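Enquirer: give me a 3D structure for the following:
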Amino acid sequence: MLAADAHLCIDYGTATTTAMLSTPDGGWYPIVVGGVSVLPSGVWLDPATGRLLTGTPALQAARSRPETWLAEPLRHIAADSITLADATLDPIEAVSAVLGGIATHAAMLAGAPISRLTLVVPCWWGPRRRHQLRRAAEKTGLPAPRLIADAVAVAAHWTAWSGSFLPAGASVLVVNAGAGGIAIALVGALDDGVQLLAHHLVPDSDAATLDAALAEHLITSTLSTGQQLWQQLGTPERAVDRHQLLEAVRTGKEALGQQTMRTAIALPAPHPPATLDRDMLTAASAGLRQRLPAAMAQVLAAADTHRDDLTAVLLTGGHATLPGITDTVRETTGLIPTLLPRQDAAAEGALRIAASTGNPAPAAAVPEAPPPRIRSGWRALVTPGLLAIAAIALFAEALGASWVDTFQGRASAYFLRRPQLGVSGMLIALACWSTAMGITHLLHTAARTPGEQATSTRIARQALLTAAGTGLALAAGFGVYASAYMNIPRMSFAQWPILFALPIVILASTAGLLITRIRPGDIPSWVRGYRTPVLPALVAATGILITEVAASGFMPAFIRLGLPASTFVRLGMFVLGAGIGLAITRHRITRLIAATSLGLSFAVIYTWRTADHYHWAFAAVLLWWALTTAAVHTIRSASPLINSHWQRLIG
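Expert: A predicted model of the protein is given here:
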């Protein structure tokens with residue numbers, strides 16, 4: 001049973017609704033009804049009883065009786081009445097039915113009535129719509145609500161989860177591509193707090209208009225009688241077919257927005273299914289994209305702000321993943337927009353504002369929770385295991401091929417490939433790094449609640465810092481063992497694996513210290529952004545082993561197949577060069593060219609005396625990755641302000 005004081009925040013959107021519940025004991029809970037956290041905003045009027053259904057039951061009833069289905073009550077909130085079939089409905093009644101249903105469920109979860117209410121409203125709403133929404137909330141018996149503009153709420157969510165701070169004068173452009181239309185707003189940090197500076201609703205950018213255009217194009221381009229069928233679907237007799245078609249198109253559109261290339265759409269019987277692809281979606285949304293630059297420029301001009309003054313650009317809403325939207329926003333603002341994947345971002349941000357009177361809620365507001373349950377994580381250990389095996393193999397081969405000559409009890413000459421010893425230290429540190437990153441990815445992929453996300457971040461931080469310490473200790477252990485093995489007085493080889501491992505150790509330490517500044521929902525993509533060169537490292541290590549084993553004369557005869565050792569030496573150099581080529585670029589064709597050319601070059605120009613230089617080349621490539629790609633990625637992810645300056649620098 002939770003505390004008696006319960007604070008509910010509802011983001012009642014045009015098509016969907018999300019809600020968050022907080023309690024004084026620090027609990028933050030998304031409202032889940034029937035296993036669904038994103039609820040339909042529509043209502044269905046039962047013509048027999050006059051009862052209003054909400055949520056999933058209303059959506060299911062509308063599939064067979066769509067004539068009394070009101071999909072978007074929020075559109076009509078300023079109207080006096082709505083006609084559904086032969087019935088007249090007060091829009092206040094429709095909105096209050098949805099709010100009341102969510103509040104009832106939240107009160108059951110809290111074990112007490114809702115004592116505080118916050119509602120998210122579109123940034124472009126005026127006094128009349130705001131007043132009507134207040135009436136709808138009060139009609140359910142809920143407390144008088146506090147209304148917070150969606151753009152301000154989204155900005156609060158972003159600053160809280162990214163760990164960013166907006167100093168006075170900073171501004172954030174919010175592009176909310178929701179079902180009600182694309183609303184562009186500028187949120188600024190002024191001396192008296194964060195405020196909405198300017199806003200604009202892009203005309204004809206709502207989801208219903210796009211869905212209808214897609215459905216019409218799909219039918220008219222697929223069927224010879226498509227135009228006639230489309231006109232028939234507009235009649236009351238074909239209301240069920242039209243409703244089902246538009247629902248299928250909406251679902252297909254959402255799938256295409258998630259990088260699916262094509263999807264099948266069921267057409268009204270007896271017609272066969274039609275294919276909706278990304279090209280159709282791109283063409284249908286072309287006009288919408290063309291209106292975005294002017295709308296963004298209008299908002300910036302109204303707020304007396306230049307695009308170079310923007311701290312960040314946030315992209316949210318169901319249409320945020322439409323083809324070309326991200327590119328259009330980036331080209332117009334000069335910044336890569338941050339896509340907010342959480343559909344309850346506005347509800348969570350508004351709850352933070354209301355709970356802290358304008359400042360993001362402290363970290364303590366996220367409840368302690370056990371780590372998420374990971375169903376299968378053994379695959380994450382394969383990569384670090386292979387790297388560790390490669391490191392140990394290189395280390396063992398380096399010692400096995402070494403020798404020391406003594407004269408009068410003192411070492412007069414010795415041989416040990418010190419760069420190879422250093423590479424083994426670098427690989428063992430990379431194995432520790434890969435282990436920590438695998439744990440981080442598994443935890444945050446499985447996390448579902450803010451509490452689990454916070455716990456996962458703390459565990460990931462410990463894992464990364466532990467990886468740094470363990471990697472350095474193992475590399476030092478390699479060096480100490482090598483020094484003892486060679487047994488040369490006043491000479492140590494410990495510095496070689498330590499120095500080679502140091503960049504990876506510094507990287508892991510930096511990532512561990514900064515990971516708490518990264519929004520938990522972004523951490524899985526943050527992990528992927530490192531692009532740890534595991535395959536190039538394994539390929540190059542294999543090449544070094546083949547070369548050194550063949551050159552030392554210890555290669556078994558059944559492997560040599562009667563071929564001279566020099567053949568395998570040059571084969572190993574080819575593999576080493578290929579590994580380096582794979583590491584210096586990410587483009588598929590360029591990688592193939594680089595791997596082939598470097599492999600052939602290494603194989604042709606190899607000599608016994610130049611072997612160490614090739615080991616240095618491999619270490620240099622890993623060093624370049626650690627100090628540029630990985631380090632820059634860490635700092636940019638942890639500081640959106642630095643990220644925005646970096647984008648302008650390279651863009």
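Enquirer: quick check: mean pLDDT across whichever helix in the chain runs longest?
Expert: When the chain is scanned for its longest helix (criterion: DSSP state H), the result is helix 450-486. When pLDDT is averaged along helix 450-486, the result is 88.
Enquirer: by contact count, what packs against it?
Expert: With contacts defined as 3 or more Cβ pairs under 8 Å, 6 or more residues apart in numbering; DSSP states H and E, helix 450-486 has these neighbours: helix 382-400, helix 418-446, helix 495-514, helix 523-528. In this view, the C-beta of every residue, glycine as well, is placed from N, C-alpha and C.
Enquirer: among those helices, which is nearest Leu576?
Expert: Among the helices and strands packed on helix 450-486, the nearest to Leu576 by Cβ to Cβ is helix 418-446 (10.5 Å).
Enquirer: in which helix or strand does Asp405 reside?
Expert: Here Asp405 sits within strand 403-407, counting by DSSP states H and E.
Enquirer: out of everything not next to it in sequence, what's closest to Arg242?
Expert: Of all residues beyond its chain neighbours, the one nearest Arg242 is Leu233 (4.2 Å), with distances taken as Cβ to Cβ, 6 or more residues apart in numbering.
Enquirer: show me what contacts that neighbour?
Expert: Each residue near Leu233 by Cβ atoms under 8 Å, 6 or more residues apart in numbering is listed here: Asp241, Arg242, Leu245, Pro268.
Enquirer: what's the PyMOL syntax to select whichever of the residues you listed are buried?
Expert: A single PyMOL command selects the buried members of the contacts of Leu233 (16 or more other Cβ atoms under 10 Å):
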select buried, resi 241+242+245
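Enquirer: now tabulate the contacts of Leu233 in TSV and tack on secondary structure and distance to Phe478.
Expert: Output for those, formatted as TSV (DSSP: H, G, I helix; E, B strand; the rest coil; distance: Cβ to Cβ, whole Å):
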residue	secondary structure	distance to Phe478
Asp241	helix	71
Arg242	helix	71
Leu245	helix	66
Pro268	coil	70
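Enquirer: what's the most distant pair in the contacts of Leu233?
Expert: Pairwise over these, using Cβ to Cβ, the maximum falls at Arg242 and Pro268, 8.2 Å.
Enquirer: show me the contacts for Ala87.
Expert: So Ala87 contacts Leu45, Pro47, Gly50, Thr68 (Cβ under 8 Å, 6+ apart).
Enquirer: and the pLDDT at it?
Expert: 83.
Enquirer: now it, what are its backbone angles?
Expert: Note on Ala87: its backbone torsions stand at phi -110, psi 150 [degrees, to the nearest 10].
Enquirer: partners of it in the sheet?
Expert: In this entry, Ala87 is beta-bridged to Leu84, by DSSP bridges.
Enquirer: so, low pLDDT: which residues of the stretch 451-600 of the chain?
Expert: Residues of the stretch 451-600 of the chain meeting the criterion pLDDT under 70: 451, 489-491, 519-522, 553-562.
Enquirer: again, only using 80
Expert: Low-confidence segments of the stretch 451-600 of the chain, defined by pLDDT under 80: 451-454, 488-492, 516-531, 551-565, 585-588.
Enquirer: try the stretch 301-450 of the chain
Expert: 341, 356-381, 403-415, 444-450.
Enquirer: quick one: the helices in the stretch 501-650 of the chain?
Expert: 523-528, 534-552, 557-560, 565-583, 588-605, 611-624, 631-638, 640-650 (DSSP state H, counting those that start in this stretch).
Enquirer: and the fourth one, what does it pack onto?
Expert: Contacts defined by 3+ Cβ pairs under 8 Å, 6+ apart place helix 565-583 against helix 534-552, helix 588-605, helix 611-624.
Enquirer: so which elements touch the first one?
Expert: Read that as helix 534-552. Packed against helix 534-552 by the contact rule (3+ Cβ pairs under 8 Å, 6+ apart) you find helix 382-400, helix 418-446, helix 565-583, helix 611-624.
Enquirer: buried deepest among the helices and strands packed on helix 565-583, which one?
Expert: The highest mean neighbour count among the helices and strands packed on helix 565-583, using mean count of other Cβ atoms under 10 Å, belongs to helix 534-552: a mean of 22.
Enquirer: and that helix with helix 418-446, angle?
Expert: 150 degrees (axes from the mean of the first three to the mean of the last three Cα atoms, to 10 degrees).
Enquirer: averaged pLDDT, stretch 286-295. What do you get?
Expert: Per-residue scores along stretch 286-295 average to 91.
Enquirer: now stretch 239-249
Expert: For stretch 239-249, mean pLDDT is 85.
Enquirer: and the contacts of that stretch?
Expert: 62-64, 66-67, 69, 211-212, 214-215, 218-219, 233-234, 265-268, 276.
Enquirer: how about the strands in the stretch 201-350 of the chain?
Expert: Secondary structure of the stretch 201-350 of the chain (DSSP state E, counting those that start in this stretch): strands located at 262-265, 274-277, 310-316, 338-339.
Enquirer: other residues contacting the longest one?
Expert: For strand 310-316, contacts defined as Cβ under 8 Å, 6+ apart pick out 154-155, 158, 164, 166, 170-178, 325-326, 329-330, 333-340, 345-346, 640-641, 643-644.
Enquirer: switch the cut-off to 6 Å
Expert: 154, 158, 170-176, 333, 335, 337-340, 345, 640, 644 (Cβ atoms under 6 Å, 6 or more residues apart in numbering).
Enquirer: returning to what we had before: just the buried ones from the contacts of stretch 239-249?
Expert: The buried subset of the contacts of stretch 239-249 - by 16+ other Cβ under 10 Å - is 62, 66, 69, 211-212, 214-215, 218-219, 233, 265, 267, 276.
Enquirer: tabulate the residues you listed (JSON lines), appending pLDDT.
Expert: Shown next, in JSON lines, are those (pLDDT from 0 to 100):
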{"residue": "Ala62", "pLDDT": "86"}
{"residue": "Pro66", "pLDDT": "87"}
{"residue": "Trp69", "pLDDT": "89"}
{"residue": "Asp211", "pLDDT": "87"}
{"residue": "Ala212", "pLDDT": "88"}
{"residue": "Leu214", "pLDDT": "87"}
{"residue": "Ala215", "pLDDT": "87"}
{"residue": "Leu218", "pLDDT": "85"}
{"residue": "Ile219", "pLDDT": "86"}
{"residue": "Leu233", "pLDDT": "82"}
{"residue": "Ile265", "pLDDT": "83"}
{"residue": "Leu267", "pLDDT": "85"}
{"residue": "Leu276", "pLDDT": "85"}
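Enquirer: what would the residues you listed look like in a markdown table with distance to Gln462?
Expert: Formatted as a markdown table, those follow (distance: Cβ to Cβ, whole Å):
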| residue | distance to Gln462 |
| --- | --- |
| Ala62 | 50 |
| Pro66 | 54 |
| Trp69 | 51 |
| Asp211 | 47 |
| Ala212 | 52 |
| Leu214 | 48 |
| Ala215 | 52 |
| Leu218 | 52 |
| Ile219 | 57 |
| Leu233 | 59 |
| Ile265 | 48 |
| Leu267 | 55 |
| Leu276 | 47 |
